[in-house]
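S.K.: Below: sequence and its predicted model.
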Amino acid sequence: MGKEYGGSPKPHQLDMKRKRLTWILGVSGLCVLFYVLGAWQGRAPVPSSQSEISSRVGCDVGSTGTNKPDLPSSSSSSLMPDSLDFESHHQLEVANTSLEPEKFPPCDMSYSEHTPCQDPQRGRKFDRNMLKYRERHCPTKDELLRCLIPAPPNYKSPFKWPQSRDFAWYANIPHKELSVEKAVQNWIQVEGDRFRFPGGGTMFPRGADAYIDDINALIPITDGTVRTAVDTGCGVASWGAYLLKRDILAMSFAPRDTHEAQVWFALERGVPAMIGVMGSQRLPYPARAFDMAHCSRCLIPWFQYDGLYLMEVDRILRPGGYWILSGPPIRWKKYWRGWERTEEDLKQEQDAIEDTAKSLCWKKIIEKGDLAIWQKPINHVECRKIKAMGSSPQICKSDNADAAWYKEMETCITPLPDVSNENEVAGSALKKWPERAFAVPPRISSGSVQGITDKEFQQDNDIWKERAAYYKNLVNQIPRGLYRNVMDMNANLGGFAAALLKFPVWVMNVVPADSQPDTLGVIYERGLIGTYQDWCEAFSTYPRTYDLIHAGGVFSMYQDRCDITYILLEMDRILRPEGTVIFRDMVEVLVKVKSITDGMRWESRIVDHESGPFNPEKILIATKSYWTAESKEGQQ
């Protein structure tokens, strides 16, 4: 018998209904269910037929959809996934989600160059000793801005790489100070409405290219052995800019100081850089990260504080890595008058540097012309014997050499991993570039990164190869070379950056400071670069310095730790006008993120996971609209 009117369905009838519903979902896809649920909530009229449902939500095979926003970054390819509307189904499950998103006003034009954690006014409150006032000092919660940092009037999209290495628009960074202060040193020149970067530097008057050739004549840096470098006190990063064509990726840093906008110019050129200083705290990089470190008249007092700063270089330098020094005090016999220092003073400084390097068990390879080069030992077998006799500095007893987020420097030698003989490279030798990018990193093969096996590393590479192919259709600026500076906010093993190596981009791989396991050392062993960061704070960069940001799982990670609105406002600060963000997360999280970005002048849409509609993880593609301080009134 059938169900009586007003009664309950029989068990066998419920079973048949479940089977029928399962069949319908298999044929029509989850997007149909989401649309119908939205209609039940009064969000849309109930469709009269299956074909009408498919038409409205873009479920027809080969459909390009009718509800997709017209984004500047969208591709017209038939492979482009359709926008999916999850908000009608998920809005009741997301806390604090209102029907009308908060509209964020533009900040005052005085904030156009705002660097929250390196604010000069805040820095004045801190000790000048060891440059502590130039280290990171972030605003308190009640000081955070709830507005959008404006671009300056007449802001233009940067020149396309590699032209950007040599040119930048004056309107984007309206600072002529360096063109005046460093005029004779050929750092930067003003030509009409643009800057030109001749590739000069204080210690390389013939240009960075010739200077790097001089280095290559002394040590092998172009055979794939050297891939990662760090430039301390980088200026406008011309050294790093000209290393790129030699397949060497340099992390350049300089403080926000009286030489306005050094790092900003570097990033505008499409060269990796970040605001940073050698002060009292460790640099935000893991131990054994860089193959080469460089200082060209960087004005760092290497001989002070018992050689503390050279010990920090030693910490981040790989076994067998090189340290290159040019400028005072090197070749002081020739330059001492121009440096306006006495011969005795300069000789004493060089002797102090030589002694410190020797105490670190470094070997001086050569001093020729304006260059002096030291090499770190490949292991600490011999060094431990020397230190056992009581000479200082001693080897550190710290149990985490990678810890570098608000961690004080130590006056001791960071220990290298143990080896079985004096000819073995501590931590294992790396493959040469480019094989290094996809070879299993030693930290994984040795088991020192807990929970990640060789097989899982290879699987991760395969996953990101598939994802990069999918992203190429979502964000067509990537294959067209229109984006240059890329950030991965939660880089894990660096798979995203490795998958983009064939494109003319570089990636700042960010590992959240408290991530377990800590994978930043793995990223450097792959020949990629990155930094630690707590996303409840601002990043150490200038506004409008990244073209593309990837945020995989970031908001699931941080939503219970701090207000994600401020993370999104920080992303808006560092993203260029018409730049794009790729969010990967669960639907509920993405709906909440979208409700905030809708009030930030971003155009966005949620699309399916690359594996298809049945994966609960989805992708939100968001593009920051173009507006400037000059045109803000018309944009509101």
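M.R.: Received it, and whenever you're ready, just let me know what you need.
S.K.: D214: neighbour count?
M.R.: Residues lying near D214 (other Cβ atoms under 10 Å) number 16. Yep, even glycine has a C-beta here, placed from its N, CA and C like the rest.
S.K.: Run a quick check on it versus I366, I expect a contact.
M.R.: No. With contact defined as Cβ atoms under 8 Å, D214 and I366 do not form a contacting pair (11.2 Å).
S.K.: Now do the same for A293: helix, strand or coil?
M.R.: State at A293, reduced to three classes by DSSP: H, G, I helix; E, B strand; the rest coil: strand.
S.K.: My read is that it contacts R315, right?
M.R.: No. Contact criterion Cβ under 8 Å: A293 and R315 do not qualify, at 10.6 Å.
S.K.: Please parse the protein into its domains.
M.R.: Domain assignment for the chain, taken from the TED database, gives 205-389, 433-624.
S.K.: now those domains in TSV, with distance to I188 and mean pLDDT?
M.R.: Shown next, in TSV, are the domains of the chain (distance: least, Cβ to Cβ, whole Å; pLDDT from 0 to 100):
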stretch	distance to I188	mean pLDDT
domain 205-389	6	95
domain 433-624	16	97
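S.K.: and P116, which of those domains is closest to it?
M.R.: In terms of Cβ to Cβ, the element of the domains of the chain nearest to P116 is domain 433-624, at 3.8 Å.
S.K.: end to end, how far does that closest one reach?
M.R.: 35 Å (Cα to Cα, to the nearest Å).
S.K.: List the residues that contact V271.
M.R.: When contacts are counted by Cβ atoms under 8 Å, 6 or more residues apart in numbering, V271 is found next to 165, 237, 240-241, 244, 250, 252.
S.K.: Okay, it and V236: tell me how far apart.
M.R.: Per Cβ to Cβ, to the nearest Å, V271 is found 8 Å from V236.
S.K.: Ok, A388 next?
M.R.: Taken as Cβ to Cβ, the span from A388 to V236 is 45 Å.
S.K.: ok, those two, which is more surrounded?
M.R.: Counted by other Cβ under 10 Å, A388 and V236 do not tie: V236 has more neighbours, with 30 against 10.
S.K.: do you know how far the closest residue to that one other than its chain neighbours is from P158?
M.R.: Leaving aside its chain neighbours, V236 sits nearest to F265 (4.4 Å; criterion: Cβ to Cβ, 6 or more residues apart in numbering). Computed as Cβ to Cβ, the F265 to P158 distance reads 11 Å.
S.K.: who touches both of these two?
M.R.: A168.
S.K.: So for these two, which sits in the more crowded spot?
M.R.: Higher neighbour count among F265 and P158: F265, with 26 against 23, using other Cβ under 10 Å.
S.K.: so how far is the helix or strand hosting that one off the chain centroid?
M.R.: If you go by DSSP states H and E, F265 is part of helix 262-268. Mean C-alpha position of helix 262-268 versus that of the full chain (Cα atoms, centre = their mean, to the nearest Å) differs by 14 Å.
S.K.: for stretch 540-556, same thing?
M.R.: 7 Å.
S.K.: Can you give me the end-to-end span of it?
M.R.: 23 Å.
S.K.: Repeat that for stretch 222-242.
M.R.: So stretch 222-242: terminal residues 12 Å apart, Cα to Cα.
S.K.: Okay, buried residues for it please.
M.R.: 224-242 (16 or more other Cβ atoms under 10 Å).
S.K.: what's the answer for stretch 442-450, then?
M.R.: Buried residues in stretch 442-450 (16+ other Cβ under 10 Å): 442-444, 449.
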